[in-house]
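Chemist: quick check, what structure comes out for this input:
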Amino acid sequence: MTTGTGHGEKQSRLREQAIAALLETSTITAAANRIGVDESTLRAWLKAPDFAEEYLDARRAVMAQATDRLADACTDAVASLVDVTKNSESDGARVSASKAVLDYAYKAVELEDLSDRMGRLEKELENDKERGHDNR
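Modeler: Numbering: from 1, shown residues only. Modelled structure (predicted):
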């Protein structure tokens, strides 16, 4: 294995920079300008399966981080709603906070139920496939 800084390494670094620019800017044009490549080059890279997959993986990682941050903030948000529900002098604020707590709790139960149902259906489909029953 060679350790030089040939064209391949420069191209690889540029593609990494392109992915970062795509994640940090709002348009392909802005991302291309940031890294100093023609917009058509960046669009061509996005059509290449390996680059598109790397970009999608990076986007998923960013979304996972955002989701983790939201999950961390949920405890504080619920505590705030409960505090308003219990301690606000405004009837309107207490009603709004109580309604929000109930709405979110209902949605959480509904999503958990749907997730469980989907899991059971997926398992049934997998079992059918294993038994040789293709229901398509």
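
Chemist: residue contacts, R117?
Modeler: The contact partners of R117, by CB atoms under 8 Å, 6 or more residues apart in numbering, come to none. All C-beta spots, glycine's among them, are computed from the backbone N, C-alpha and C.

Chemist: R34 now?
Modeler: When contacts are taken as CB under 8 Å, 6+ apart, R34 is in contact with Q17, A21, E24, T25.

Chemist: adding neighbour count, write these out as JSON lines.
Modeler: JSON lines is the format used below for the contacts of R34 (neighbours: other CB atoms under 10 Å):
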{"residue": "Q17", "neighbour count": "15"}
{"residue": "A21", "neighbour count": "19"}
{"residue": "E24", "neighbour count": "11"}
{"residue": "T25", "neighbour count": "15"}
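
Chemist: in whichever strand or helix holds E124, which residues are buried?
Modeler: In this structure, E124 sits in helix 91-130 according to DSSP states H and E. By 16 or more other CB atoms under 10 Å, the buried positions in helix 91-130 come out as A97, A100, V101.

Chemist: centre of the protein to the edge, which residue is at the far end?
Modeler: What lies farthest from the middle of the chain is E89; by CA atoms, centre = their mean that is 38.6 Å.

Chemist: for the chain, give me the ranges with low pLDDT.
Modeler: For the chain, the stretches flagged by pLDDT under 70 are 1-7, 133-136.

Chemist: domains of it?
Modeler: Domain assignment of the chain by automatic domain parsing yields the ranges 7-73, 88-136.

Chemist: hang on, the earlier thing: and the residue farthest from the centre of the chain, which of the three is it?
Modeler: coil (DSSP: H, G, I helix; E, B strand; the rest coil).

Chemist: OK, contacts around it?
Modeler: Taking CB under 8 Å, 6+ apart, one finds nothing in contact with E89.

Chemist: columns distance to L81 on top of the domains of the chain, output as TSV?
Modeler: Output for those, formatted as TSV (distance: least, CB to CB, whole Å):
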stretch	distance to L81
domain 7-73	12
domain 88-136	5
